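1. Build me a structure from this.
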Amino acid sequence: MSTFTTSDGVTLFYKDWGPKDAQPIMFHHGWPLSADDWDNQMLFFLGEGFRVIAHDRRGHGRSDQTDTGNDMDTYAADVAALARALDLKGAVHVGHSTGGGEVIRYVARSEPGRVAKAALLGAVPPIMLATERYPGGLPMEVFDGFRAALASNRAQFFLDVPSGPFYGFNRPGAEVSEGLIRNWWRQGMMGGAKAHYDCVAAFSETDFTEDLKAVSLPVLLMHGEDDQVVPIDASARKAIELLPNGTLKTYPGLSHGMFATHPDVINADLLGFIRAG
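-> Predicted structure coming up:
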């Protein structure tokens, strides 16, 4: 099992597959999941000749269940430290949901030469919470509800989310995958309740406006038009206005977890973006 220890003594789990001289792709998972959420993409891009990396964010998965440092600045610093330890150069960073916020904050502050491109899938930037600048966001009551449900019965909450809005399984005619639901629950319950609780504020209240403006590298925004978790109008459609070199690709009818329900579609579009000149 590969692990890395941060400067503040936190042990992070990561996977690192493929030729070390190949172009690296690093995947960043959403809340409250782990690197395992990217299994399909890791195998696909490994088969395409890339070096593929994914880590469990602090407090999540097999990494230490920290009670501090569960904020976006620390998450991005952890990524920077791991990228230095693995000496990643010309990497493509792919982030989903909370992981998309982590990616854009890291890339905005990254060392020259470390990053080539970034892709944000169903990502939280510029900010999920409704604010004066972004009145179309979600009210604080939504996130207070997340925290209350997590504190009251995390195990049930972590069944309800994937069974309903995350994959769109609450939509009429949806093809429900019991395996995806159980795997979501398994990943969530591996992590620490305190980190998951704190991360709600990190993914909902962090404003990524300046990060988006600062990234001149190519960035692909991929978003399901039926995303019930991170509504597209308040996220990707706003983020694309802030990116100097961004491309927005939307998917009619697809959910927040579209890369798991429709991997062939998403993988092909990611591969095209990564290989484009």
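
2. contacting residues for the closest residue to V161 other than its chain neighbours?
-> In space, and not counting its chain neighbours, V161 is closest to W184: 7.2 Å by C-beta to C-beta, 6 or more residues apart in numbering. Just so you know, the C-beta spots here come from the backbone N, C-alpha and C atoms, and that holds for glycine as well. Applying C-beta atoms under 8 Å, 6 or more residues apart in numbering to W184 gives the contacts 33, 158, 161-162, 166.

3. Quick one: the strands in the chain, in order.
-> Counting by DSSP state E, the segments of the chain that form strands are 2-5, 11-17, 24-28, 51-55, 91-96, 115-121, 219-224, 246-251.

4. Strand 91-96 and the fourth one, what's the angle between them?
-> By that I understand strand 51-55. Put simply, strand 51-55 runs at 40 degrees to strand 91-96, going by axes from the mean of the first three to the mean of the last three C-alpha atoms, to 10 degrees.

5. Point out the other helices and strands that strand 51-55 packs with.
-> Secondary-structure packing of strand 51-55 (3 or more C-beta pairs under 8 Å, 6 or more residues apart in numbering; DSSP states H and E): strand 11-17, strand 24-28, helix 39-47, helix 72-85.

6. what do you get for the shortest one?
-> Taking 3+ C-beta pairs under 8 Å, 6+ apart as contact, the helices and strands that strand 2-5 lies on are strand 11-17, helix 72-85.

7. next one: it to chain centre, how far?
-> Taking C-alpha atoms, centre = their mean, to the nearest Å, the mean C-alpha location of strand 2-5 is offset from the chain mean by 20 Å.

8. Tell me the strands beside that strand, with direction?
-> strand 11-17 (antiparallel) (DSSP bridges).

9. contact partners of the strand it pairs with?
-> With contacts defined as C-beta under 8 Å, 6+ apart, strand 11-17 is touched by 1-6, 35, 42, 46, 51-58, 61-64, 78, 82, 86.

10. Any of these buried? List them.
-> Taking 16 or more other C-beta atoms under 10 Å as the criterion, what is buried in the contacts of strand 11-17 is 4, 6, 35, 42, 46, 51-58, 61-64, 78, 82, 86.

11. so can I have CSV of the strands of the chain showing distance to D207?
-> Listed next are the strands of the chain as CSV, based on distance: least, C-beta to C-beta, whole Å:
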stretch, distance to D207
strand 2-5, 29
strand 11-17, 25
strand 24-28, 19
strand 51-55, 24
strand 91-96, 17
strand 115-121, 15
strand 219-224, 17
strand 246-251, 17
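
12. quick one, which of these is nearest to V230?
-> Closest to V230 of those is strand 219-224 (C-beta to C-beta; 7.8 Å).

13. Helices along the stretch 101-250 of the chain, start to end?
-> Ranges of helices in the stretch 101-250 of the chain, per DSSP state H, counting those that start in this stretch, are 140-163, 178-190, 193-205, 209-214, 236-242.

14. Need these in TSV (columns: distance to N170).
-> Below are these laid out as TSV (distance: least, C-beta to C-beta, whole Å):
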stretch	distance to N170
helix 140-163	8
helix 178-190	12
helix 193-205	21
helix 209-214	31
helix 236-242	21
